[in-house]
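**Q** Attaching a predicted model along with its sequence, questions to come.
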Amino acid sequence: MLTLRLIRREARIAWPVAVVLALLAVLLTAIPLSWPPRFDRLAAGSLADRVARAQQSGPLVAAGAATVALSDSLPTAGDATLDEQLDRIGDGLRRAATPPLAAVLGKPQGRVTTQAAAAVGADLPTPYGRPPRFSLAYAQPEAPPETQPDAQGAGPVEYVQGRAPHQPPPAPASPSAPFAPPVPIEVAVSEATRDRLGLTVGRQFDLQSVGPSTPVVLVGVFRTGRGGGRLWQQFPLLAEPLTVQVETGQELNGQLLTSAGGIEQSAAHSTVPLQAAWDLPVATDRAGPAATPAGTAGLRAALAGWRAAKTAELCGNQICLLAGHLVPSATVSERLTPELEAFADQRARVEQLHGFALVGLLAVVVATAVAAARLGVRRRAGAFALQLSRGAGPAGIAGRLLAEAGVAVGAGVAVGWVIGRALAPPGTAPGSAVPVLVAALSVWCAPAVVLLASAGRVRPVPRRRRLVLEALVVLLAGAGLVALRARGSFTGSGLDLQLALTPVLLALVMVLALIRLLPPALARVTRWARGSRGLVPLVALARAGAHSGAAALALLVLVLATGYGVFGGMVARTVADGGAQAADWRTGGAPVALVGPRDRLPEDLSHLGTTGHQVRITGASGDLTSQDDGTAFPGARLVGLDAAALGAAEPSSPLARALLAADGADAPVGQSGPDGGVPVLSALADPDLAARFPDGVFELAALGMSRSLVHVVGALPAEALRDPALGPVLGSGPRPGALLLFTGPSAQRLPAQNGRPSAVLLHPAAGGPPLDVAALRTAATQFAPAGGAGARVELREHAEESAALRTDGLVRSVRLAFRLTTGLGLLLALGAVALDLLLTATERARTTSYLRTLGIGGRAVLGLQLLQLLPLLLAAALGGTALGLLLPGALGPGLRLGALTGGPFEPDPRIDWTTTAALGGAVAVLVLAAAALEAAIGRRRGLGAVLRLGEAL
């Protein structure tokens with residue numbers, strides 16, 4: 001009967017601790033299982049959005065082919081139409097891709113272009129004294145916008161005159177007229193082409209090239225401002241004819257839109273090769289596995305294999321025919337691999353931040369489990385002492401605690417598993433079970449470890465042993481910091497244990513420091529309280545000082561929760577500011593920027609009527625050779641711009657100020673050499689080059705530029721190198737190597753190089769209307785390269801770039817992860833503090849009862865409770881805030897956020913003071929709530945239950 005009563009009594013005492021352990025097990029199971037699939041869904045959406053944005057400037061995957069005219073001995077095209085032949089070859093391109101790649105490739109869109117021919121006809125203008133040259137162009141209709149979310153201006157071509165061209169079949173030959181003239185090919189032109197040449201609907205003329213002339217008839221005029229989708233990117237000369245330089249002068253080149261039948265009719269009477277191309281749209285599934293590390297690696301491997309594969313047999317065992325011509329092979333080009341590499345790098349950095357937050361939460365959970373175990377052991381201390389006196393060993397009691405905790409933790413893991421699967425998106429696999437097992441093992445063993453650690457220990461830990469333990473923690477934390485700095489940034493993927501565990505060790509060091517500093521600080525305040533008239537401050541501070549060491553566990557939980565919250569707010573703020581800096585760098589700090597080869601950028605945008613300031617920046621590269629000692633600087637970067645225009649558009653630009661303030665930077669181009677035929681340009685150099693060769697002269701050899709000399713007239717300030725105006729030209733940012741900045745007449749001498757981008761920064765006039773982004777985007781598409789291949793003009797809008805980063809799935813997942821772990825950490829901190837208060841409830845209740853017998857009122861007792869918790873509150877708030885603010889500097893190169901923001905510079909840590917203040921207030925509220933909770937529980941204790949006759953305070 002006594003044993004049964006003892007078991008019931010222990011069960012009544014132990015069940016609250018078992019419930020706490022079960023709840024912690026639920027938490028530790030549900031989060032690791034549900035978060036990875038949710039993150040994969042966010043990452044998949046991020047990849048899909050990035051792919052869609054990248055396709056706005058052109059196809060990510062494309063193929064091209066040149067046809068060969070058939071001889072009489074080869075089979076003909078048969079009855080297949082041009083569209084069917086384009087589809088057949090496009091489907092062959094898709095079949096050549098392996099399944100991971102084929103799954104993201106859409107239906108290919110083919111297009112065909114004939115070679116340019118001279119346009120001749122009665123009264124047809126001849127610009128520059130020679131006939132204009134036109135090629136026929138045909139593109140298959142675009143897919144609907146819902147299947148091509150990247151299409152800009154999708155929809156049918158809008159005609160302002162006439163109709164779309166279609167080609168009737170040629171009339172059969174009759175006995176009376178066996179050699180009937182060919183039917184003219186129907187074509188359509190843009191408004192710009194019509195106005196340039198004065199064409200009217202119904203006008204006929206001939207295209208003369210190798211072989212017989214091809215008659216064409218104009219049946220329609222279309223506009224390029226709306227509709228057409230990618231047609232203007234695929235055929236830029238179709239939107240507006242372009243004046244090109246030839247050996248004997250200049251000539252006008254353009255394109256004529258025709259039908260599939262028009263291409264077939266033109267090819268039937270010509271042996272000139274056709275140029276065919278296929279755009280393969282890329283669309284990754286927003287819920288698929290393409291964004292996982294394995295999926296990204298599989299796509300990159302498939303792309304590499306696809307580029308290397310032979311595509312000659314695209315039509316199976318048959319000959320590929322196109323409009324009666326042979327297609328011998330196709331060449332694949334793609335821009336998807338760099339996008340996948342950048343995404344994989346950013347995802348790896350995000351996973352490290354997630355692991356950082358998750359390990360911090362697990363540390364808080366384990367500390368809370370230890371606090372619950374301490375309370376359970378303290379409440380059952382009498383029963384354990386009785387069992388030890390009857391011959392039971394500590395190991396046996398610990399084994400029973402393991403059995404009791406195993407039931408609670410097992411039930412919690414089962415419930416957490418169900419909740420985690422329910423929270424995970426449908427159709428996804430749960431996260432790894434390794435974190436669940438590690439955390440569950442820690443929670444399960446907490447009661448037994450606490451019992452064994454406290455068994456037989458009546459006195460506190462000896463000072464020498466405590467010093468050794470503290471020194472070990474400090475050494476481990478220091479070793480972690482040194483190893484992080486020596487290793488640098490983590491290059492792998494997944495959880496970075498070294499980066500994730502070091503902050504936990506730093507939190508332990510912070511708690512140890514606070515415990516060391518609290519007693520002397522409280523002793524000094526207590527001496528001050530002795531001179532006060534009231535008894536409450538003296539008693540409260542004295543008890544706070546006496547129990548400061550015992551509150552280490554609650555202090556650790558509070559410091560961890562607060563520190564990780566402050567750090568998470570700082571990460572979110574730093575990423576946001578870094579994203580704004582990255583948007584500035586990509587757009588040159590302008591609302592809109594046109595970026596591409598200089599010879600493809602529009603010369604004049606004044607017809608749009610909305611651009612108040614246009615800043616043209618030229619990018620080039622060349623080899624420098626010092627005239628002093630012959631030192632060579634291959635691959636030097638050359639940047640030319642109008643400093644006055646940049647200063648007018650951006651008065652705060654450090655680059656404009658440096659160029660305008662430099663003496664001689666905008667001087668006229670000088671002459672040198674025996675015959676005075678070598679131009680001498682003036683430039684500012686990067687700080688390293690200018691310091692090594694002050695007032696130096698270099699010989700410059702650049703592609704597309706005659707031999708020149710460069711005179712360095714000054715050094716660029718460090719802040720000028722970070723000016724966003726350089727972003728569109730420098731791209732990835734300043735890197736080691738020579739850099740020269742030109743302005744004025746010297747900048748105009750820089751050549752246009754296809755391998756180096758240039759830019760036009762567009763600012764609205766002060767007080768004027770905003771920029772017409774739609775019109776500017778149309779202008780950008782009209783200056784794409786002929787045939788849709790090669791470098792393109794890209795429009796970059798600052799608002800669009802900033803919004804893309806704010807709504808990016810990877811960035812959102814970082815904010816969500818830290819918010820989730822901070823919120824749960826604070827709730828666990830509430831539980832840990834409440835458990836710690838319950839642990840010392842008997843001593844505090846005894847003190848309260850003693851004071852009540854001395855006549856202290858209820859208000860004074862409440863003040864005693866709050867004042868006793870004030871040191872813990874202040875220490876937790878200060879320690880947690882200090883930990884969060886010191887983490888970026890302490891972790892150093894191990895924590896890099898530049899890969900996440902995408903900018904060229906590592907963003908400086910930015911403190912989110914709003915979040916920091918909110919966390920400090922939350923800690924205060926939590927501590928006070930824990931005190932109120934414990935006080936409500938303590939009301940059940942009567943005066944006689946806590947104070948016996950003859951007991952001392």
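**A** Happy to help now that I have it. Numbering: from 1, shown residues only.

**Q** Run through the residues that contact residue 254.
**A** Counting by CB atoms under 8 Å, 6 or more residues apart in numbering, residue 254 makes contact with 132, 133, 134, 189, 193, 237, 238, 240, 241, 242. Where you see a C-beta, it was placed from the backbone N, CA and C, and this is true even at glycine.

**Q** Which one of these is nearest to residue 93?
**A** Nearest to residue 93, judged by CB to CB, of the contacts of residue 254 is residue 238 at 24.0 Å.

**Q** and that closest one, which of the three is it?
**A** Under DSSP: H, G, I helix; E, B strand; the rest coil, residue 238 falls in the helix class.

**Q** Please state the offset of the lengthiest strand in the chain from the chain centre?
**A** Across the chain, the strand with the greatest residue count (assigned by DSSP state E) is strand 613-626. From the chain centre to the centre of strand 613-626 is a distance of 29 Å (CA atoms, centre = their mean, to the nearest Å).

**Q** next helix or strand past that strand?
**A** Once the chain leaves strand 613-626, the next helix or strand it forms, by DSSP states H and E, is strand 632-641.

**Q** That next one: partners in the sheet, and parallel or antiparallel?
**A** For strand 632-641, the paired strands and their directions (DSSP bridges) read strand 613-626 (antiparallel), strand 739-743 (parallel).

**Q** Return the set of buried residues in that strand.
**A** 633, 636, 637, 638, 639, 640, 641 (16 or more other CB atoms under 10 Å).

**Q** about what we covered before: save the strands paired with strand 632-641 as a markdown table, and put in mean pLDDT and mean neighbour count too.
**A** Output for the strands paired with strand 632-641, formatted as a markdown table (pLDDT from 0 to 100; neighbours: other CB atoms under 10 Å):
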| stretch | mean pLDDT | mean neighbour count |
| --- | --- | --- |
| strand 613-626 | 90 | 22 |
| strand 739-743 | 93 | 26 |
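
**Q** Can you point out the buried residues in stretch 439-453?
**A** Of the residues in stretch 439-453, those buried (16+ other CB under 10 Å) are 439-440, 442-452.

**Q** now, which of those lie within helices?
**A** Among the buried residues of stretch 439-453, the ones falling in helices (DSSP state H) are 439-440, 442-452.

**Q** where are the low-confidence patches of the stretch 751-900 of the chain?
**A** By pLDDT under 70, the weakly predicted segments of the stretch 751-900 of the chain are 778-779, 781-791, 839-868, 894.

**Q** Repeat the analysis, applying 50 as the threshold.
**A** Residue ranges of the stretch 751-900 of the chain with pLDDT under 50: 786-789.

**Q** Strands of the stretch 151-300 of the chain, residue ranges please.
**A** With DSSP state E, counting those that start in this stretch, the ranges of strands along the stretch 151-300 of the chain come out as 159-162, 185-190, 204-208, 214-222, 242-246, 249-257, 275-279.

**Q** Just list what the fifth one packs against, helices and strands only.
**A** Spelled out, it's strand 242-246. In terms of contacts (3 or more CB pairs under 8 Å, 6 or more residues apart in numbering; DSSP states H and E), strand 242-246 is packed against strand 249-257.

**Q** Could I get the average pLDDT for the strand it packs on?
**A** Here strand 249-257 scores 89 as its mean pLDDT.

**Q** Next, the angle strand 214-222 makes with it.
**A** With axes from the mean of the first three to the mean of the last three CA atoms, to 10 degrees defining the directions, strand 249-257 sits at 70 degrees from strand 214-222.

**Q** For strand 249-257, list every residue counted as buried.
**A** Within strand 249-257, the residues scored as buried using 16+ other CB under 10 Å are 251, 252, 253, 254, 255, 256, 257.

**Q** List the contacts of the first one.
**A** The one in question is residue 251. 127, 128, 130, 132, 133, 243, 244 are the contacts of residue 251 under CB under 8 Å, 6+ apart.

**Q** what do you get if the cut-off is 10 Å, keeping everything else the same?
**A** Taking CB atoms under 10 Å, 6 or more residues apart in numbering as the criterion, residue 251 is in contact with 116, 118, 126-133, 242-245.

**Q** Helices along the stretch 301-450 of the chain, start to end?
**A** 336-379, 381-389, 394-423, 434-454 (DSSP state H, counting those that start in this stretch).

**Q** no no, the stretch 701-850 of the chain
**A** According to DSSP H, counting those that start in this stretch, the helices that the stretch 701-850 of the chain contains are 718-721, 727-730, 745-748, 773-781, 798-806, 809-839, 841-853.

**Q** Can you verify my assumption that residue 187 contacts residue 265?
**A** No. In this structure residue 187 lies outside contact range of residue 265 using CB atoms under 10 Å: 11.5 Å.

**Q** what sits in contact with each of the two?
**A** The contact sets of residue 187 and residue 265 overlap at 136, 258, 259 (CB under 10 Å, 6+ apart).

**Q** closest to residue 22 among the residues you listed?
**A** For these, the residue nearest residue 22 by CB to CB is residue 259; the value is 72.9 Å.

**Q** Give the burial count for the closest one, as a bare number.
**A** Applying other CB atoms under 10 Å, we find 21 residues neighbouring residue 259.

**Q** my read: it touches residue 141, true?
**A** No. Here residue 259 lies out of contact with residue 141, judged by CB under 10 Å, at a distance of 11.2 Å.
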